[in-house]
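Q: Structure of the sequence below:
(one chain, ligands or ions: 2)
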Amino acid sequence: MALGLYWATACLAAFIAVLTLDISRFFSRKNHFDVDGKTVVITGGSQGLGRGLARLLSSKGANVVIVARDQPKIDIALKYTASAAKSPQSQRFHGISADVRSPEENTRLLEEVTRWNDGQPPDIVWANAGSSHPALFIDTTLETLRSQMDINYWAATYLAHATLRLWLKPSSTPSNTGSSYVKPAQPRHFIITGSSTCFVGVAGYAPYSPAKSALRSLADTLRSELNLYNGYRRANPQQGPVADVKVHCVVPGTIQSPGLAQENLSKHPVTRVLEEGDPIQTEDEVAAAAVKGLERDGYLITTQWLGHAMRAGTLGGSPRNNWLFDTVSAWVVNVAWLYIGPDMEGKVFKYGKSNEVKLPS
Ligand SMILES: NC(=O)c1ccc[n+]([C@@H]2O[C@H](COP(=O)([O-])OP(=O)(O)OC[C@H]3O[C@@H](n4cnc5c(N)ncnc54)[C@H](OP(=O)(O)O)[C@@H]3O)[C@@H](O)[C@H]2O)c1
Ligand SMILES: *[C@@H]1O[C@H](CO)[C@@H](O)[C@H](O)[C@H]1NC(C)=O
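A: Numbering: from 1, shown residues only. Ligands and ions are numbered 1, 2, ... in the order given. Alright, predicted model coming up:
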């Protein structure tokens, strides 16, 4: 009994200590994502969320490179992005037409950005290009299931691979002045745009959500793995990489974008039933929430209340943004899920009971 009380007190004291540290960090308003003067690459930057991000980061002083396939659309987006610049005289903007489903194109675009950026690799790379084709699983061709993986999973993975290989090159390779002083560099950021479909299984997203779940898993794993290089850099300032590398996963819910208009064409009515009443954000709202999360050093960043709740309910081993809020929200959501989970299952069952359902012939 006395021992139990001792342990309970120790646990409570530890919890309060963590909370205090966490709250003090919460109230510290240090900007962990200062993009002023930095060079940012955004794939899928010609419309939708990518365009919102390009414009917002431009207004915060970044040099922005937009990557997409359609050159005329890139050119329009570049003008739109440049018009928001914080320092129009010094900021630079560039467009690259590339199909990010090809590994070679991802390597090529990074080489082009580095040349354009006076031989320096970009500071921030945002794998944002993606495309959702919602439909029932058995109604979807295997070809579409595969192509959804190509644009949503493989495109970001190829870019992460090429970017990390570029960033993690030893700092002293071609020419070192011999001086022992190593300029402290700000971290480089690799950011992946996920989707809240990675948190909860929703009928009609089978072609898309597995790719986004895989991206979350990739981000979690890279987050763990990059500690290795960041640690090595501390011990080997001469031979290590120039800067620490951080990875983040931004997880939007529904965005009112050209991509959503496309989704609307194939979305099954039962998916609409499940999504009824969900918040829809503009590209600028999602961009603002995402960048705010990055400025606060967030890792898995949701952009509205429903996303926050879905994330809290499925945190698993993912790094926490804020120990206090993440832990308490997880408790609350786990209780709320006792109702929400069965309710969602019931809605799909009821739809099947009361509507014509297409069966395989
Ligand atoms: N819309 C939503 O409701 C929603 C919700 C959650 C997450 N997301 C995610 O958020 C991101 C942006 O979505 P969005 O709806 O804002 O975008 P969107 O309107 O569909 O625009 C997609 C962008 O990606 C580019 N792109 C598409 N395929 C490409 C390829 N193969 N190579 C290079 N660029 C390519 C497009 O330009 P080109 O066609 O000219 O190449 C365009 O710039 C995606 O990762 C999406 O999965 C969207
Ligand atoms: C897509 O459909 C939803 C739900 O019907 C609607 O609210 C939204 O405005 C549509 N968006 C676009 C871009 O077509």
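Q: Could you measure from the nearest residue to residue 279 once chain neighbours are set aside over to residue 56?
A: Leaving aside its sequence neighbours, residue 279 sits nearest to residue 304 (CB to CB, 6 or more residues apart in numbering; 4.9 Å). Quick note: C-beta positions are derived from backbone N, CA and C, even for glycine. Residue 304 is 16 Å from residue 56, where distance means CB to CB, to the nearest Å.
Q: who's more crowded, the two?
A: Looking at residue 304 and residue 56 with other CB atoms under 10 Å, you find the greater number of neighbours at residue 56, namely 21 against 18.
Q: if I pick that one, what's in contact with it?
A: Contact partners of residue 56, counting by CB atoms under 8 Å, 6 or more residues apart in numbering, are 84, 284, 287, 288, 291.
Q: Just the element for it, please.
A: Using DSSP states H and E, residue 56 sits in helix 48-59.
Q: That helix vs ligand 1: in contact?
A: Yes - shown here: helix 48-59 in contact with ligand 1 (CB under 6 Å from any ligand atom) through 48, 49, 50.
Q: can you give me the end-to-end distance of stretch 300-314?
A: 11 Å (CA to CA, to the nearest Å).
Q: on that earlier part again, out of the residues of helix 48-59 next to ligand 1, give me the one that has the most neighbours.
A: residue 49 (28 neighbours).
Q: Can you say which of the contacts of residue 56 are buried?
A: Listed as buried from those are 84, 287, 288, 291; burial here means 16 or more other CB atoms under 10 Å.
Q: which among these gets closest to ligand 1?
A: residue 287 (9.6 Å; CB to the nearest ligand atom).
Q: Tell me the one of the buried ones among the contacts of residue 56 nearest ligand 2?
A: residue 287 (16.7 Å).
Q: Next, the contact list for that closest one, please.
A: Here residue 287 is in contact with 49, 52, 53, 55, 56 (criterion: CB under 8 Å, 6+ apart).
Q: Closest to ligand 1 out of those residues?
A: Among the contacts of residue 287, and counting by CB to the nearest ligand atom, the member closest to ligand 1 is residue 49, at 3.6 Å.
Q: Run through the residues that contact that closest one.
A: 128, 193, 252, 255, 257, 283, 286, 287.
Q: Could you verify my assumption that the fifth one touches residue 283?
A: Same thing as residue 257. Yes - counting by CB atoms under 8 Å, residue 257 touches residue 283, with 5.7 Å between them.
Q: between these two, what contacts are shared?
A: When contacts are counted by CB under 8 Å, 6+ apart, residue 257 and residue 283 have 48, 49 as shared neighbours.
Q: Including pLDDT, could the contacts of residue 287 go into a markdown table?
A: Listed next are the contacts of residue 287 as a markdown table, based on pLDDT from 0 to 100:
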| residue | pLDDT |
| --- | --- |
| 49 | 98 |
| 52 | 98 |
| 53 | 99 |
| 55 | 98 |
| 56 | 98 |
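Q: Please, where are all the helices along the stretch 151-300 of the chain?
A: 155-167, 209-235, 258-266, 269-275, 283-295 (DSSP state H, counting those that start in this stretch).
Q: Kind regards, and thank you for your time.
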